[in-house]
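S.K.: Sharing a sequence plus its predicted fold:
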Amino acid sequence: MSAFDYRNFDDRRQNSANAKAALLAKFKARPPADDPELIAKAKARQEVARARDERIREREAARIAAEIQAAEEKRAREEAELAAQIAREEAESAAAQERKSAELVAKKALRDARYAARKAKVKTRR
């Protein structure tokens, strides 16, 4: 349980009056709204806020430009990779076609050799 409060009603009323007086004194001590110093401070705050907003816009524009550049570089890199892959596939296809034609030539040469051997065999019999 809390200790006994020795303050009486007059003490509480006096404390309340002192608090109200302090608030009124603080309010009256404020400079008026048309004070040149107050206006200058408000303008300075507006300039600071405007400069901050401008820096934010510049950073955002720089970020967007960097993202666009990165996307363009990625697109160019992917196009180069695709072109290289197409070139590789075409080279592989050409090599396969070359091998196939070489095999056909070799098969034809073997076939011609067998045919010539048969012909020679028939000529030697006669």
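M.R.: Structure's in. What do you need? Numbering: from 1, shown residues only.
S.K.: mind listing the helices for the protein?
M.R.: In the chain, the segments counted as helices under DSSP state H are 9-28, 36-125.
S.K.: For the helix or strand bottoming out on mean pLDDT in the chain, list every residue counted as buried.
M.R.: Least confident helix or strand of the chain, by mean pLDDT, DSSP states H and E, is helix 9-28 with a mean of 90. Within helix 9-28, no residue is scored as buried using 16 or more other C-beta atoms under 10 Å. C-beta here means a position set from N, CA and C on the backbone, and glycine is covered the same way.
S.K.: any idea which of the helices of the chain scores lowest on pLDDT?
M.R.: Among the helices of the chain, helix 9-28 carries the lowest mean pLDDT, a mean of 90.
S.K.: With just CA atoms, put that helix into CSV.
M.R.: The C-alpha trace of helix 9-28 is given here as CSV (Å, rounded to 0.1, in the frame of the first residue of the first chain):
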residue,chain,number,x,y,z
PHE,A,9,-6.5,20.2,-1.6
ASP,A,10,-4.9,23.6,-1.5
ASP,A,11,-1.5,22.1,-2.5
ARG,A,12,-3.0,20.3,-5.5
ARG,A,13,-4.9,23.5,-6.5
GLN,A,14,-1.7,25.6,-6.3
ASN,A,15,0.3,23.0,-8.3
SER,A,16,-2.4,23.0,-11.0
ALA,A,17,-2.4,26.8,-11.2
ASN,A,18,1.4,26.9,-11.5
ALA,A,19,1.3,24.3,-14.3
LYS,A,20,-1.3,26.4,-16.2
ALA,A,21,0.7,29.6,-15.7
ALA,A,22,3.8,27.9,-17.0
LEU,A,23,1.9,26.7,-20.1
LEU,A,24,0.5,30.2,-20.7
ALA,A,25,4.0,31.8,-20.3
LYS,A,26,5.4,29.3,-22.8
PHE,A,27,2.6,30.1,-25.3
LYS,A,28,3.1,33.8,-24.9
